[in-house]
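no sequence for this one, just the structure:
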């Protein structure tokens with residue numbers, strides 16, 4: 001009998017020890033799960049944080065074939081459902097692409113090409129972007145887009161830099177470590193011609209916005225702007241500004257009410273950014289930087305997402321959309337990830353953001369050649385509440 005009691009006591013101790021070991025293991029698993037990042041094919045997807053926030057399922061798809069070779073950049077106007085608005089002619093009629101029979105999406109393009117891919121001069125030279133062509137022809141400035149959005153009454157709002165087309169100015173900027181492409185952001189209503197300037201963007205505290213991107217937040221009725229604090233090549237910090245609710249009787253007065261909300265710490269960068277409202281809720285911010293590994297700037301194009309624009313101020317970590325060495329770059333580092341449309345993928349439960357990126361093509365032996373090229377890719381963003 002005592003022998004049996006001894007065996008049972010020993011077995012009980014073993015079970016207690018096993019139970020304690022299991023408990024410790026479960027605790028470790030729980031700790032791991034609390035820090036868990038559900039990874040995409042290259043391990044960059046962030047599924048941490050608030051479960052109600054949209055989550056980027058990155059990285060982006062490999063770049064598709066060449067989209068076009070006439071212009072750099074290309075910010076597209078998207079409606080609240082993520083559909084590109086059609087381009088309108090001078091009479092307000094929808095412009096149809098003769099090759100496809102479909103409406104041409106309305107985009108604000110950057111500099112037109114001076115050269116072909118082989119360095120030969122582009123003949124004929126593409127015209128400047130149609131929104132600003134007449135304006136640019138009559139003054140010594142270049143209009144470079146930095147953001148677009150559609151206002152509550154359908155206003156097509158474009159944010160731009162307007163650097164002087166002046167070699168002496170550019171030389172002075174370079175000498176002082178400043179960008180030759182960036183000036184204080186100016187807002188225009190380009191719904192009709194000629195474009196109407198709404199003024200240069202700055203906060204009510206005097207803080208100026210450079211390289212600003214913009215989104216109209218339907219839920220709050222406000223405009224949100226994300227941009228740099230200066231035009232220096234090292235000005236990588238991006239801040240956020242928020243307007244008062246847009247007054248339907250004075251829809252363009254929002255520019256006078258911008259208030260600085262803080263910096264977006266997880267997505268710095270000295271190049272273009274783009275805000276996009278997600279049809280199934282939330283917002284995403286795409287941002288480019290000068291790819292310079294020697295300076296610790298290893299991400300060419302990144303993105304973050306949140307349930308609200310203010311959520312971007314805490315959103316982290318960032319998703320590397322086109323990781324070096326994992327996604328082939330047909331030229332220099334990609335930049336200017338600019339949404340061109342959003343569609344729903346029911347299998348992924350994701351808003352898929354179609355995105356345009358630019359690539360710099362060097363032409364050996366042709367100094368100063370400028371042959372811009374853009375490509376398309378896409379980024380799925382998981383919607384936990386849809």
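The structure has been received and is ready for your questions. Only a predicted model underlies this, so the values are computations on that prediction, with no experimental measurement involved.

From residue 88, how far off is residue 101?
For residue 101, the distance to residue 88 equals 17 Å [C-beta to C-beta, to the nearest Å]. No exception for glycine: its C-beta is placed from N, CA and C like everyone else's.

Name the residue in the two with the higher neighbour count.
Taking other C-beta atoms under 10 Å, residue 101 and residue 88 do not tie; residue 88 has more neighbours (19 against 7).

Just confirm that one contacts residue 94, I think it does.
Yes: the criterion here is C-beta atoms under 8 Å, and residue 88 meets it with residue 94 at 6.3 Å.

Reduced to three states, what does residue 351 come out as?
When classified by DSSP: H, G, I helix; E, B strand; the rest coil, residue 351 comes out as strand.

So in terms of bridging, what pairs with the residue positioned nearest the centre of the chain?
Central residue of the chain (C-alpha atoms, centre = their mean): residue 286, 2.3 Å from the mean position. Bridge pairing for residue 286 (DSSP bridges) gives the partners residue 274, residue 303.

That one: what's it in contact with?
Going by C-beta atoms under 8 Å, 6 or more residues apart in numbering, residue 286 touches 273, 274, 276, 301, 302, 303, 321, 337, 338, 339, 355.

got a markdown table for these, with neighbour count, distance to residue 121 and pLDDT too?
Shown next, in a markdown table, are those (neighbours: other C-beta atoms under 10 Å; distance: C-beta to C-beta, whole Å; pLDDT from 0 to 100):
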| residue | neighbour count | distance to residue 121 | pLDDT |
| --- | --- | --- | --- |
| 273 | 28 | 33 | 98 |
| 274 | 26 | 31 | 99 |
| 276 | 29 | 36 | 99 |
| 301 | 29 | 30 | 97 |
| 302 | 26 | 36 | 97 |
| 303 | 28 | 37 | 98 |
| 321 | 26 | 34 | 97 |
| 337 | 28 | 30 | 95 |
| 338 | 28 | 27 | 98 |
| 339 | 25 | 32 | 98 |
| 355 | 28 | 31 | 98 |
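
Among those, which one sits closest to residue 238?
residue 273 (6.4 Å; C-beta to C-beta).

where in the chain is pLDDT low?
Flagging of the chain using pLDDT under 70 yields the residue ranges 1-49.

Look at the spatially closest residue to residue 153 that is not a sequence neighbour and say how many residues are nearby.
Of all residues not flanking residue 153 in the chain, residue 251 sits nearest, at 5.5 Å (C-beta to C-beta, 6 or more residues apart in numbering). The number of residues packed near residue 251 is 16, by other C-beta under 10 Å.

do residue 237 as well
Neighbour count for residue 237, taken as other C-beta under 10 Å: 14.

ok, now which ones touch it?
228, 229, 263, 268.

Now, these that are in strands?
Within the contacts of residue 237, residues falling in strands by DSSP state E are 228, 263.

Can you get me a residue count around residue 192?
12.

Report the buried residues of stretch 260-278.
260-261, 264, 266-278 (16 or more other C-beta atoms under 10 Å).

again with stretch 327-343
For stretch 327-343, a neighbour-count test (16+ other C-beta under 10 Å) marks 327, 329, 333, 334, 335, 336, 337, 338, 339, 340, 341, 342 as buried.

who's in contact with the second one?
By C-beta under 8 Å, 6+ apart, the contact list for residue 329 reads 63, 300, 322, 359.

what's the answer for residue 118, then?
residue 363.

any idea how far the residue nearest to the centre of the chain is from residue 167?
Separation of residue 286 from residue 167 (C-beta to C-beta): 32 Å.

Given whatever helix or strand residue 72 lives in, what are its sheet partners and their directions?
Secondary structure assignment for residue 72, by DSSP states H and E: strand 71-76. Sheet partners assigned to strand 71-76 using DSSP bridges are listed as strand 107-112 (antiparallel).

next SSE after the partner strand?
Downstream of strand 107-112, the first helix or strand assigned by DSSP H and E is helix 133-137.

Just give me how far that next one sits from the chain centre.
27 Å (C-alpha atoms, centre = their mean, to the nearest Å).

contacts for it?
127, 128, 142, 143, 193, 194, 195.

looking at it, the third one is touching residue 163, isn't it?
Yes: under the contact definition of C-beta under 8 Å, residue 142 touches residue 163, with a separation of 5.7 Å.

where's residue 140 relative to residue 298, distance?
The gap separating residue 140 from residue 298 is 38 Å, by C-beta to C-beta.

and the residue nearest to residue 278 when sequence neighbours are not counted, how many neighbours?
In space, and not counting its chain neighbours, residue 278 is closest to residue 351: 4.6 Å by C-beta to C-beta, 6+ apart. For residue 351, the count of nearby residues is 26 (other C-beta under 10 Å).

picking that back up, settle it for me: which of residue 140 and residue 298 has more neighbours?
Using other C-beta under 10 Å as the criterion, residue 140 and residue 298 rank with residue 298 on top: 13 against 9.

Please name the nearest non-neighbouring residue to residue 140.
Of all residues not flanking residue 140 in the chain, residue 165 sits nearest, at 5.2 Å (C-beta to C-beta, 6+ apart).

What residues does the one you found make contact with?
Per C-beta under 8 Å, 6+ apart, neighbours of residue 165: 140, 141, 142.

now those in CSV, with distance to residue 238 and secondary structure?
Formatted as CSV, the contacts of residue 165 follow (distance: C-beta to C-beta, whole Å; DSSP: H, G, I helix; E, B strand; the rest coil):
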residue, distance to residue 238, secondary structure
140, 29, coil
141, 24, strand
142, 23, coil
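
Same list, those, but as CSV with distance to residue 77 please.
Formatted as CSV, these follow (distance: C-beta to C-beta, whole Å):
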residue, distance to residue 77
140, 27
141, 22
142, 21
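
Closest to residue 205 out of those?
Comparing the contacts of residue 165 against residue 205 with C-beta to C-beta places residue 141 closest, at 27.3 Å.

ok, now which ones touch that closest one?
Residue 141 is in contact with 162, 163, 164, 165, counting by C-beta under 8 Å, 6+ apart.

Please list only the buried members of these.
Using 16+ other C-beta under 10 Å, the buried ones in these are 162, 163.
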